[in-house]
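Student: got a predicted model here, sequence first, then my questions.
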Amino acid sequence: MSFKLSDEQLMIQSMVREFSRKVVAATAAERDQTKEFPWKNFKQMGELGLMGMMIPTEYGGEGADAVSYVLALSEIAYSCASTSVVMSVQNSIVCESINRFGTEEQKQTFLVPLAQGEIIGAFALTEPDAGSDPVSQTTTAVRDDNNYVINGTKRFITSGKNSRAVIVTAKTDETARHKGISAFLVAKDTPGLIVGHMEDKMGLRASDTTDLIFENCRVPASALLGNEGDGFKIAMAGLDSGRIGIAAQSLGVAQAALDASVKYAKKRKQFGKAIANHQGIRWQIADMATQIEAARQLVMSAASMKDRKENYTTQASMAKLFASEMVNQVTARAIQIHGGYGFTKDYPVERFYRDARVFTIYEGTSEIQRIVISNSVLK
């Protein structure tokens, strides 16, 4: 299948590429060291329409298609994976979930400022003892007249510290398994919502990852996103879209690693000639380029299916599985091509390698993707 980009899609890709490589890349290495959240980036990205790309214009978004979104996201990831993961969660899970399931009041209160990049959103599903098995979560939401009282702890929450709106899942019926899970849209300043431990991570260090603790957090019944019992459905729909986002991020980081390797191989000389002229290096580069192109086709296929409003769950899992495994292989090859220099922070491939490692883990591990795919094939 051939994916010919439209003039509008090419324009978006070009615009984001210029912004990413001039603005985002300028401080990426520094922020990797300091763990400084890239607020300036997000302000500018909001002005460019990148924080709610697929949201209708009446709610502050750009009304762009999924293909344009993955093109833009991969360009941001090329320069800074930390920035791209926040953009991905904001677009793919938070904004889309509110747009699809939210009330008009929720859209006006939360979706508009989220889509315009005025605030950052978070999605709280994972718990200390419930990661790949969300049905085992223990967070509860008990109805009390016109309110719900939420209690529980969520773990590994992207933008947990810097977000201002949180979608949180909780059990409203502990006997109904996945049908007893509901979702709530909670303002960050709600009493009883506490930001807990911030992780000191291997990669994505400028993106904050924290616990969110709910201690008798009382929210109005109007905070319910969708209906009672819709939480699992909302989470799975968000993760389908989010998995395309992770695959697009993988593409961006892998392309950056390949480009850095090509540049280095042309300059570095051993045995009297540039190492790019040695067959062993050329084959490494050929394999990297082929893997990236194969992943790109899977990502574009999943995004196109989404744009056509087809069921893209399996294709999203395939794209996420292949692309996330691919970027780990490509960044490892990039370090090998750089030799000892690749093991130092003087060259960006060291950061690419660390950032890429989590792509096979979050928003559904590679093992979970294989379950989703095999279930589809064997159905």
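Tutor: Done, it's in.
Student: could you use CA atoms for every contact and neighbour count after this?
Tutor: Will do.
Student: do a quick rundown of the helices in the stretch 101-250 of the chain.
Tutor: 104-106, 112-115, 231-267 (DSSP state H, counting those that start in this stretch).
Student: with the stretch 251-379 of the chain instead?
Tutor: Ranges of helices within the stretch 251-379 of the chain are 279-307, 313-338, 349-356, 366-378, based on DSSP H, counting those that start in this stretch.
Student: quick one, which of the helices of the stretch 101-250 of the chain gets closest to Ser97.
Tutor: Comparing those by their distance to Ser97 (C-alpha to C-alpha), the top pick is helix 231-267, with 6.2 Å.
Student: just give me how far that closest one sits from the chain centre.
Tutor: Offset of helix 231-267 from its chain centre (C-alpha atoms, centre = their mean, to the nearest Å): 8 Å.
Student: same deal with stretch 370-377?
Tutor: Per C-alpha atoms, centre = their mean, the centroid offset for stretch 370-377 relative to its chain is 22 Å.
Student: can you give me the buried ones in it?
Tutor: Residues 370, 372-373 are the ones in stretch 370-377 that count as buried (16 or more other C-alpha atoms under 10 Å).
Student: which of those lies closest to Val142?
Tutor: Proximity to Val142 was ranked across these by C-alpha to C-alpha; first place goes to Val372, at 31.6 Å.
Student: got a list of what the closest one touches?
Tutor: 314, 317 (C-alpha atoms under 8 Å, 6 or more residues apart in numbering).
Student: what about 10 Å?
Tutor: 313-318, 364, 366 (C-alpha atoms under 10 Å, 6 or more residues apart in numbering).
Student: would JSON lines of the residues you listed with neighbour count and pLDDT be doable?
Tutor: Converted to JSON lines, the contacts of Val372 look like this (neighbours: other C-alpha atoms under 10 Å; pLDDT from 0 to 100):
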{"residue": "Thr313", "neighbour count": "22", "pLDDT": "97"}
{"residue": "Thr314", "neighbour count": "19", "pLDDT": "97"}
{"residue": "Gln315", "neighbour count": "24", "pLDDT": "97"}
{"residue": "Ala316", "neighbour count": "30", "pLDDT": "97"}
{"residue": "Ser317", "neighbour count": "30", "pLDDT": "97"}
{"residue": "Met318", "neighbour count": "24", "pLDDT": "98"}
{"residue": "Gly364", "neighbour count": "22", "pLDDT": "92"}
{"residue": "Ser366", "neighbour count": "20", "pLDDT": "97"}
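Student: closest to Thr139 out of those residues?
Tutor: Using C-alpha to C-alpha, Gly364 comes nearest to Thr139 of these, at 19.7 Å.
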